[in-house]
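Colleague: Here is a sequence together with a model predicted from it:
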Amino acid sequence: MLLEDYLKDLIVRFRGISDSQEQRLRCFHRYEVQVEGWLKGELLYFLHEEKGAGRIMHFDREVSVGPTRKKVDLKIEFPTDSGTLEAWIELKHWLIGPQKGTHYNAQFYFRESGSVGIKPDAEKLSRISNGSKLLLILATTNPGVDDWSAGVSEFNRKFSPLHLKSLTSPSDYPDYYYLAFLEVTRPQA
């Protein structure tokens, strides 16, 4: 099985938890707040359960990488017949809609090069030489396919050679949230 298949299976199981949180996710949107810490907490407990069930071999949080010792939110190891597959994951929570008088869409987060956008996270991940590099983004509410696709395309144009590939689609999620899995490919030297 390919790592992408392991990741898709993982996200399907985590989605079951997210689907049961409708009122909480709607509340985040209603009060115009991004709560990345909540996402990390939910995901850590989920990964603990996945490890206990034998579906993942190991996971760690806040893993230092590279000479600058920057940290990546999660590293997950999947057991295979031929060894271990690794996934490095940065977490984000995007509020889609109004926040403090400004309206945010997915394209905004994709085109921003500073700390609000995902470019710094994609760059950090792209420097890791082993395993898959991913962004897991909880969007409240669902941005829709057009906004999402336009954002991914704009990121890939604007920040080439960095490249993002969506492994999930907004069309598969309800209106109140979207759980996006984006693969970051490593620029060629």
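Modeller: Nice, thanks for sending it over.

Colleague: Going by C-alpha atoms from here, please, whenever you check contacts or count neighbours.
Modeller: Fine.

Colleague: what comes up buried for the longest strand anywhere in the chain?
Modeller: What stands out as the longest strand in the chain, according to DSSP state E, is strand 83-95. By 16 or more other C-alpha atoms under 10 Å, the buried positions in strand 83-95 come out as 85, 86, 87, 88, 89, 90, 91, 92, 93, 94, 95.

Colleague: so who does the closest residue to the third one other than its chain neighbours touch?
Modeller: Counting by C-alpha to C-alpha, 6 or more residues apart in numbering, residue 132 is the residue found nearest to residue 87 once chain neighbours are left out, at 4.7 Å. For residue 132, the contacting residues are 3, 86, 87, 88, 183, 184, by C-alpha atoms under 8 Å, 6 or more residues apart in numbering.

Colleague: on that earlier part again, so how far is the next helix or strand after the longest strand of the chain off the chain centroid?
Modeller: Once strand 83-95 ends, the next helix or strand along the chain (criterion: DSSP states H and E) is strand 97-99. Centre-to-centre, strand 97-99 and its host chain are 20 Å apart (C-alpha atoms, centre = their mean, to the nearest Å).

Colleague: contacting residues around strand 97-99?
Modeller: Applying C-alpha under 8 Å, 6+ apart, the set of residues contacting strand 97-99 is 29, 32, 33, 103, 104, 105, 141.

Colleague: Can you tell me which of those end up in strands?
Modeller: Per DSSP E, these map to strands at 103, 104.

Colleague: Neighbour count, pLDDT and distance to residue 150 for the contacts of strand 97-99 - can I get that in CSV?
Modeller: Below are the contacts of strand 97-99 laid out as CSV (neighbours: other C-alpha atoms under 10 Å; pLDDT from 0 to 100; distance: C-alpha to C-alpha, whole Å):
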residue, neighbour count, pLDDT, distance to residue 150
29, 22, 89, 22
32, 17, 86, 23
33, 16, 85, 24
103, 11, 91, 17
104, 15, 93, 14
105, 20, 95, 11
141, 23, 92, 17
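
Colleague: Cheers, nothing more for now.
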